[in-house]
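**Q** sequence and predicted structure below; questions after.
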Amino acid sequence: MDESTVAYYAARATEYDAIYRKPERQPDLRALEQWLPGHFAGRTVLEIACGTGYWTQFIAPAAAHVVALDAAPETQRIAAQRVSADKVRFVVGDAFAVPADLGRFDAAFAGFWFSHVPRARQREFLRVLGERLLPGATVVLIDNLFVEGSSTPRSEPDAEGNTWQARPLADGSTHRVMKNFPDDTELQAAIAGLGEHGSFTRWRYFWAFEYRTSVR
């Protein structure tokens, strides 16, 4: 994640969870909270960009263990208050350079992170992630659909196809944040040669994409 985005999420840490209180999104959130844990039952999970631990709190009870990575210690301090320390290890780090000494995992999760990955680096991120996973590991990505009237307006695509949002914070600052909205076709293309059995699930405001790392 680039430095400006890390700085934005660090500044936003104490107000981040307000996004989960949008009234129109509550049915989808309840559905996702029920849908997600079963994918990680009994597994060792690498969570990318755990943020304030909103999704970690649903994954950890089902998983054998979770290593939760994030670039912002400010959000991780909030996350650590949500989950049991014996189930989750928090690591400050870069999603494009996941430390090798963390070992290898049989599952991975990234919630509302893939939309911040530049389109030109999507396969790089998935390749780096795959290096920390066992063959046949389960990977689940969840993220936003763009919905007029609920989503923050986005810019026209730049030369690489990325879109951006202007996001205000309570301190009066406004931050330009990359936010892409990939579809099933783009996600299937991104895992080509890296994963298989890609499955796209759509709700009103969110999507989930599940695949297995390639078995060689």
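**A** Arrived safely. Numbering: from 1, shown residues only.

**Q** low-scoring stretches of this structure, by residue?
**A** For the chain, the stretches flagged by pLDDT under 70 are 1, 216.

**Q** biggest strand in it by residues?
**A** In terms of residue count, the longest strand belonging to the chain (DSSP state E) is strand 133-144.

**Q** quick one: name whatever helix or strand follows it.
**A** Moving toward the C-terminus from strand 133-144, the next helix or strand (DSSP states H and E) is strand 164-168.

**Q** hey, C-alpha coordinates of that next one in CSV?
**A** Below are the C-alpha coordinates for strand 164-168, written out as CSV (Å, rounded to 0.1, in the frame of the first residue of the first chain):
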residue,chain,number,x,y,z
TRP,A,164,-10.4,7.4,-7.1
GLN,A,165,-12.5,8.8,-4.3
ALA,A,166,-12.2,12.0,-2.3
ARG,A,167,-12.8,11.0,1.3
PRO,A,168,-13.2,13.6,4.1
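
**Q** run me through the strand neighbours of that strand, direction for each.
**A** strand 174-178 (antiparallel) (DSSP bridges).

**Q** residues of the strand it pairs with that come out buried?
**A** By neighbour count with 16 or more other CB atoms under 10 Å, strand 174-178 contains the buried residues 175, 177-178. (Glycine included, C-beta is placed from N, CA and C.)

**Q** just checking, next helix/strand downstream of that strand?
**A** Taking DSSP H and E, what comes next after strand 174-178 is helix 184-190.

**Q** show me where this protein has strands.
**A** Going by DSSP E, the chain shows strands at 44-48, 65-70, 88-92, 105-111, 133-144, 164-168, 174-178, 195-202, 206-213.

**Q** reformat these as a markdown table; add distance to residue 34.
**A** Below are those laid out as a markdown table (distance: least, CB to CB, whole Å):
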| stretch | distance to residue 34 |
| --- | --- |
| strand 44-48 | 18 |
| strand 65-70 | 18 |
| strand 88-92 | 20 |
| strand 105-111 | 15 |
| strand 133-144 | 13 |
| strand 164-168 | 29 |
| strand 174-178 | 29 |
| strand 195-202 | 13 |
| strand 206-213 | 12 |
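
**Q** so which of these gets nearest residue 54?
**A** strand 105-111 (7.5 Å; CB to CB).

**Q** packing partners of that closest one?
**A** In terms of contacts (3 or more CB pairs under 8 Å, 6 or more residues apart in numbering; DSSP states H and E), strand 105-111 is packed against strand 44-48, strand 133-144.

**Q** orientation of it relative to strand 65-70 in degrees?
**A** Orientation of strand 105-111 against strand 65-70 (axes from the mean of the first three to the mean of the last three CA atoms, to 10 degrees) gives an angle of 40 degrees.

**Q** contacting residues for the nearest residue to residue 65 once chain neighbours are set aside?
**A** Nearest non-adjacent residue to residue 65, counting by CB to CB, 6 or more residues apart in numbering: residue 44, 5.1 Å away. With contact set as CB atoms under 8 Å, 6 or more residues apart in numbering, residue 44 has these partners: 63-67, 105-107.

**Q** switch the cut-off to 7 Å
**A** Residue 44 sits next to 64-65, 105-107 when contact means CB atoms under 7 Å, 6 or more residues apart in numbering.
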